[in-house]
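Peer 1: show me how the following folds:
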Amino acid sequence: MKKIFYFGTLCLLSMAFNSLHAQKSFYDFTVLDINGEEFDLAQLQGKKVLVVNTASKCGLTPQYESLENLYREYGGDNFVIIGFPTNDFAGQEPGTNEEIAEFCRTRFDVTFPMMAKITVKGEEMHPLYKWLTSASENGVEDSKVAWNFQKYMIGEDGMLLGHVAPQKKPDSKVIISWLKKG
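Peer 2: Numbering: from 1, shown residues only. Down below sits the predicted model:
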């Protein structure tokens, strides 16, 4: 009887330990949208998601147009783009959330979801970006956000698939082939 009790206790402890160390997914995060409202990423379950850190005064800012074109072509039930403005690179996003929203709307007619401005590197890095950039958290790869418009690809299961360098355009071969894949 003691053996069964110890075995049962060991199994319960093992299950508790495993659940504490279960891999987080993209869906485990809640962020603020550009209007300051909570945006639960779990609402995107079953979709491919392209996460992009953005800036309004960057040489790569014209990528907003390519992102919007990509979103209009592939967005909907199976794909979404989420923009995260950041001022982490050479002060290229100095505006408030309201100013950023206005810029995106008037300059590029952005319709994909934009989130509140966050930090994507250093000590103040947002928890979502800690997950995106740390293999110990995402289970896939370590990466460093190199500049504005770095792109992270999230699968329908909420797991990180990889990232695309800022200089690669949103309609690059790697992103298009990922979107067209079953």
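Peer 1: the spatially most central residue of the chain and Leu128, how far apart?
Peer 2: The centroid of the chain falls nearest to Val51 when counting by CA atoms, centre = their mean (3.6 Å). Here the criterion is CB to CB, to the nearest Å. By it, Val51 lies 8 Å from Leu128. (C-beta placed from N, C-alpha, C; glycine too.)
Peer 1: mutual contacts of these two, please.
Peer 2: Phe84 (CB atoms under 8 Å, 6 or more residues apart in numbering).
Peer 1: how about the nearest residue to Gln23, chain neighbours excluded?
Peer 2: Closest residue to Gln23 in three dimensions, ignoring its sequence neighbours and counting by CB to CB, 6 or more residues apart in numbering: Gly139, at 4.9 Å.
Peer 1: that neighbour against Ser25, yeah?
Peer 2: No. In terms of CB atoms under 8 Å, Gly139 does not count as a neighbour of Ser25; the distance is 9.2 Å.
Peer 1: okay, these two: which has more neighbours?
Peer 2: Taking neighbours as other CB atoms under 10 Å, Gly139 and Ser25 compare with Ser25 leading, 19 against 13.
Peer 1: and that one, what is it in contact with?
Peer 2: Here Ser25 is in contact with 157-159 (CB under 8 Å, 6+ apart).
Peer 1: repeat that for Glu93.
Peer 2: If you count contacts by CB under 8 Å, 6+ apart, Glu93 has them with 54-58, 85-87, 100, 117, 148.
Peer 1: filter the residues you listed down to the buried ones and hand me the PyMOL line.
Peer 2: Those of these that meet the burial criterion (16 or more other CB atoms under 10 Å) are gathered into one PyMOL selection, given here:
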select buried, resi 54+55+56+58+85+86+87+100+117+148
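Peer 1: could I get the contacts of Glu93 as JSON lines with distance to Ser134?
Peer 2: Formatted as JSON lines, these follow (distance: CB to CB, whole Å):
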{"residue": "Thr54", "distance to Ser134": "21"}
{"residue": "Ala55", "distance to Ser134": "23"}
{"residue": "Ser56", "distance to Ser134": "28"}
{"residue": "Lys57", "distance to Ser134": "28"}
{"residue": "Cys58", "distance to Ser134": "25"}
{"residue": "Pro85", "distance to Ser134": "22"}
{"residue": "Thr86", "distance to Ser134": "17"}
{"residue": "Asn87", "distance to Ser134": "22"}
{"residue": "Ile100", "distance to Ser134": "26"}
{"residue": "Lys117", "distance to Ser134": "21"}
{"residue": "Asn148", "distance to Ser134": "20"}
